[in-house]
Structures are given as C-alpha cells and as structure tokens.
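Asker: Kindly return the folded structure for what I paste below:
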Amino acid sequence: MGQLDYVILESDRAVVSGRVLEHESSGNAMLAELYRAHIADWPKFFKMDTLSKVGFVASELLLKQLSERRCGSEEYISNRAIVLFGTTASLCADKNYQETIQDIDNYYPSPALFVYTLPNIVTGEIAIRNHYRGETSFYVVEGADAAQMAFHLSCAFADDRTESVLAGWVDSTGNDDFKSFFTLIGKDDVEGLEDKIKTILNKTNI
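Answerer: Sure, this is the predicted structure:
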C-alpha cells in the first residue's frame, strides 16, 4: 500500500512529506514567511483570512512537492476536486468581523472580512489559483475521523469526471492558531484510504 505525499501546516511548524521547512516565526507571520520563501507570486494572499491562507499555503507546498505544472491563463482542470474538512469552520473570520460591528460608536462593517465568513471560501481560493473546475466541498465535522473522511473522499470519485482530489483538514480558531494537513488522492489511492489518512493524522497535532 503506497503512502501519500502530504503537507502538515500548524501554528509553529511546516512539514512536507517528513521534511521540516525552516522558518523563524509562528502563526500568521509564519504563513507570510512561507509564502515569501516558497510561493511569492499571488499577491491576493495578503487579503485572505487565516483559514484561506493556511489552505492556500498548504496546497501550494503540496503541489510544489508533487512538481505539478501550472495551468496557463486559458487552461482549466475539470477532473480534480477539492474536499476539505474542519471543526471550527469560519470561526476566526467570524470573530474578526464581529469586532467591526460590536461597538455602535465604532461601527465599521468590513466587506473584506465578511466575504470570508463562509468556510468554503478557502476551496474557492485554491480552485481559482489552480484553475480547478471540479467539485469543491468543505465539511464541518466534530473531529478528525479518518473513516468519515475516507468515506466522503471516496464518494468524490463517484462521477465519471473526477480523477484526483486535493484533500485535507483545515482549522483555525484564531489568527495565529491553526492546524492542517493536505494530500492529493488519485483513484488508485482509494483502496486502503482510511489507513493512509490515519498515517498522516498520526503525524499531526489535530
């Protein structure tokens, strides 16, 4: 049973298939540091909420590890889905937005924050970046359960189009507090998928 390549991205560490990436900062500053060191060509990153930044950086590091070719401006990939899981959904963005409407004497609702008060925005950011046109889903669950995740990921291959799924766990309770892992699953990986996910989860603090 072949193991999956993976990225683990947590508040104070970044690991790519067992290789620890060097960094000097933590939290949101670490995300920016990793972006500048390994990506640096998507300025919209700095406008994203924390959940989207985590998913974006993790997906970029994984695709770089897999040496995936970038699509041209007119190219699209219709056979790749994005399926993510998390517990807190958009809680971090919700709290940041709440701060802008909490005080009636200092009321400044921010559309830039409000747009991120949906957890599936992170899947959209990744799809736009990579020109993916397959299914995009974000499941809000009680906890990281390998069997549950394997079931939903297997179901993503039920149509005749999907050939691979960019999958992972993304959770953020605060601007500097997050936990995630990302992996890429092909049709050949569905057999024994629960055990493969467990193997990755056991390497995380999720």
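Asker: use CA for all of it now, contacts and neighbours both
Answerer: Fine.
Asker: For G143, give me its contacts.
Answerer: 86-87 (Cα atoms under 8 Å, 6 or more residues apart in numbering).
Asker: in this structure, which residue is closest to the centre?
Answerer: The residue lying closest to the centre of the chain (Cα atoms, centre = their mean) is G55, at 2.5 Å.
Asker: who's in contact with the helix ranked longest in the chain?
Answerer: Taking DSSP state H as the criterion, the chain has its longest helix at helix 50-65. Helix 50-65 has contacts (Cα under 8 Å, 6+ apart) with 5-9, 16, 28, 31, 34-35, 38-39, 45, 90, 92-93, 119, 121-123, 125-126, 166, 170-172, 174-176, 178, 180-184.
Asker: where in this structure is pLDDT low?
Answerer: Scanning the chain with the threshold set as pLDDT under 70 gives 1.
Asker: What are the boundaries of the helices in it?
Answerer: Going by DSSP H, the chain shows helices at 27-38, 50-65, 91-101, 111-114, 121-130, 146-155, 193-201.
Asker: Looking at those, which one is packed in the most?
Answerer: helix 50-65 (a mean of 23; mean count of other Cα atoms under 10 Å).
Asker: So what's the gap between that one and the chain middle?
Answerer: 6 Å (Cα atoms, centre = their mean, to the nearest Å).
Asker: And for stretch 74-92?
Answerer: Worked out by Cα atoms, centre = their mean, stretch 74-92 lies 7 Å from the chain centre.
Asker: start to end distance for that stretch?
Answerer: Using Cα to Cα, to the nearest Å, the end-to-end distance of stretch 74-92 comes out at 34 Å.
Asker: quick revisit: let me know the angle separating the longest helix of the chain from helix 121-130.
Answerer: Relative orientation of helix 50-65 and helix 121-130, computed by axes from the mean of the first three to the mean of the last three Cα atoms, to 10 degrees: 40 degrees.
Asker: okay, the angle between helix 50-65 and helix 27-38?
Answerer: Going by the same axes, to 10 degrees, helix 50-65 makes 30 degrees with helix 27-38.
Asker: Report how many residues lie close to the closest residue to M48 other than its chain neighbours.
Answerer: Nearest residue to M48, sequence neighbours excluded (Cα to Cα, 6 or more residues apart in numbering): Y116, at 7.8 Å. Neighbourhood size, Y116 [other Cα atoms under 10 Å]: 23.
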